[in-house]
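In: show me how the following folds:
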Amino acid sequence: MGNSVIDPRVLRGFRTFIKLELDQEKTLRRKDLTICLNCHVPHIKDASEELVVHIADLVIAAVEEKDSTRREAAEKELSKLNLNCLGCHNLKALGFNKEPEPGVIYVPDKINDDAHTEAGYRTITSDFMKTSDFCAQCHHCPPSVPWESCPTLYTTYIEDFIKKGRNETCQACHMEGKKRNHQFLGPDNLAFLQSAVTLNVNVRPTRYVDTYEGTMIPALFLKVFLTNNAGHTIPHGCAFTPKAVLDVTAKSPDGELLFSNKKVYHVGDLYFKGGKQVAMAEWDITATEHFDLGLKSLETDTSTFIIPLKADSKKADISVQFLYLYSRDKTIPVTSFSETVEIE
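Out: Residues are numbered from 1 along each chain as shown. Predicted structure coming up:
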């Protein structure tokens, strides 16, 4: 999990949170950085005030430093921070407000022998690690705010998956259940991402009546069905939410673009309400207005497109793509449909 800080999307989001504090002319303090670091670098709890503030300086430098040598040096230093084994198997293993024992590796299943003795650790079973509440510590975050009051990734899991009668845990999908896959499958695994959505397309030729010009021209009637098979809204990511795009184009046989349209799926926050600011050391869920334009779990989103063509069109090449925009610099093609349609 060495990218828990230097992943470009995380790094820029972290930078933005820090700048919010600086814009209020505050001196950065350890507690101002707790919201990010508690999950991205949980063992930071043992760090000094000076080290935590130094990490904040490195984050800003890694994003905004104009000198490439200094910027890369800051990122290299930050790469030493990560979410290691102890993050999940000790610090987060028992739940909110529960203190784990030092020198213990907590595991979800009972084992006959102490597998970590040689490394100087005792091994203790924690049933809590089998639950989705275990994952919610970082994918819901606010320890004192219930899921229904603060919209997060975990909120969509409860409202759009569990309440529809499903009972799979986060681990059942992202760790492949009993396989205990510690790659933590996500959008960086294309096969896993592709399994999360199903794309079906119906297209047929028709005629489009231009009432303004008083003409009838060839057209295509295109219907796209996009189903979310995942246990939560797609896309999602709490503070650093990506986007997903349904991209539809029609071209002539010689490659001329005849039609282009997009539908964007996105979840996020619009603005600060009532002049409030979001302090990183606080959870003020009244400070922002939340919007949800995501693809809901276990639901099929239907989009209809009327595609006018040229009067002499005989064929058209249709392309439908579902793209996952992990960041502004990283787009992942997930699934697609293409067909050449003959015009009657």
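In: give me the contact list for stretch 198-209.
Out: Stretch 198-209 has contacts (CB atoms under 8 Å, 6 or more residues apart in numbering) with 215-227, 229, 306, 308-309, 318, 320, 322, 335-337, 339, 341-344. The C-beta positions use only the backbone N, C-alpha and C, and glycine is treated the same way.
In: residue most distant from the centroid, the protein?
Out: Residue farthest from the centre of the chain, counting by CA atoms, centre = their mean, is Gly214 at 47.7 Å.
In: and Thr233, how far is that from Leu226?
Out: Distance from Thr233 to Leu226, counting by CB to CB, to the nearest Å: 13 Å.
In: joint contacts of these two?
Out: Common neighbours of Thr233 and Leu226 (criterion: CB under 8 Å, 6+ apart): Leu295.
In: let's verify the nearest residue to Arg15 once chain neighbours are set aside: helix, strand, or coil?
Out: Computed as CB to CB, 6 or more residues apart in numbering, the closest residue to Arg15 that is not its neighbour in sequence is Val63, at 4.4 Å. Assigned state for Val63: helix (three-state reduction, DSSP: H, G, I helix; E, B strand; the rest coil).
In: which helix or strand contains the residue lying closest to Thr117 once chain neighbours are set aside?
Out: If the residues on either side of it in the chain are set aside, Thr117 comes closest to Thr123, at 7.9 Å by CB to CB, 6+ apart. In this structure, Thr123 sits in strand 122-125 according to DSSP states H and E.
In: off-centre distance for the next helix or strand after that strand?
Out: Per DSSP H and E, strand 122-125 leads on to helix 132-139 as the next helix or strand towards the C-terminus. Put simply, helix 132-139 sits 15 Å off its chain's centre (CA atoms, centre = their mean, to the nearest Å).
In: buried ones among the contacts of stretch 198-209?
Out: Among those, those classed as buried by 16 or more other CB atoms under 10 Å are 218-220, 222, 224, 226-227, 308-309, 318, 320, 322, 335, 337, 341, 343.
In: and Tyr212, what element?
Out: Under DSSP H and E, no helix or strand contains Tyr212.
In: so Ser338 is in which element?
Out: Assigned by DSSP H and E, Ser338 falls within strand 330-342.
In: so what touches that strand?
Out: With contact meaning CB under 8 Å, 6+ apart, strand 330-342 is reached by 8, 187, 190, 193-194, 197-199, 201, 203-205, 220, 244, 253, 314-326.
In: out of these, list just those in helices.
Out: 8, 190, 193-194 (DSSP state H).
In: break the chain into its domains for me.
Out: Domain assignment for the chain by automatic domain parsing gives 1-83, 84-130, 190-342.
In: between those, which one is closest to Arg180.
Out: Nearest to Arg180, of all the domains of the chain, is domain 84-130, at 8.1 Å by CB to CB.
In: that closest one: end-to-end distance?
Out: Length of domain 84-130, first residue to last, CA to CA, to the nearest Å: 18 Å.
In: ok, what's across the strand from Val197?
Out: When assigned by DSSP bridges, Val197 has beta-bridge partners Asn228.
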